[in-house]
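Peer 1: Turn this into a model:
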Amino acid sequence: MDSITYPELMTSEQIFEYISGMHYDKRHLRNAWNTTGMIYERVQVFEEYKLVELNIFDLNADVWDVDKERVSRYIEATKENPNYPPIVFNQLLKRITDGTHRTRALTIMGFKTIRGYIGVEETHRVWEDPNRIIGVED
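Peer 2: Now for the predicted structure:
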């Protein structure tokens, strides 16, 4: 099986396209996809993202409900090809932006680390309108 090379750095627009490419129904990505906000706005918090190794136990993936069948599919796919797509993690909010199912699958498989894109802190955007900050609890 061919191995995909993931770039070391991506812009927020590239991260959004990367996430979009993994989801079958792209309407969800610009609509209210879940209770913590729209994916597009959530990735705009940083201008750039870098690929790093994350400690899988720091990600709190077990607090989210997941589709067990999807997790099983990720487990089988990772057994066939361990070059899984990196997750996207907001290190300021300590929250997975995309990749909860992948994180759960790799946790079950005994992985200690996971590849993920995190925002480059020097490119963190501070919005003039504090209501635009997505993922901050009221």
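Peer 1: What is the least confident helix or strand in this structure?
Peer 2: In the chain, no helix or strand scores lower on mean pLDDT, DSSP states H and E than helix 27-30, which sits at a mean of 45.
Peer 1: Can you show me the helices along this protein?
Peer 2: All helices of the chain, identified by DSSP state H, fall at 12-21, 27-30, 39-43, 68-80, 100-108.
Peer 1: what's the burial count for Phe46?
Peer 2: 23 (other C-beta atoms under 10 Å). Where C-beta positions appear, they are placed from N, C-alpha and C, glycine not excepted.
Peer 1: Ignoring the adjacent residues along the chain, who's closest to it?
Peer 2: Of all residues not flanking Phe46 in the chain, Gly119 sits nearest, at 3.0 Å (C-beta to C-beta, 6 or more residues apart in numbering).
Peer 1: And for Pro101, the neighbour number?
Peer 2: Actually, residue 101 is His. It isn't Pro. His101 sits with 22 neighbouring residues when counted by other C-beta under 10 Å.
Peer 1: How much space separates the nearest residue to it once chain neighbours are set aside from Asp98?
Peer 2: Counting by C-beta to C-beta, 6+ apart, Arg70 is the residue found nearest to His101 once chain neighbours are left out, at 4.8 Å. Remark: distance between Arg70 and Asp98 (C-beta to C-beta, to the nearest Å) = 13 Å.
Peer 1: Give me the more crowded residue out of those two.
Peer 2: Taking other C-beta under 10 Å, Arg70 and Asp98 do not tie; Asp98 has more neighbours (26 against 14).
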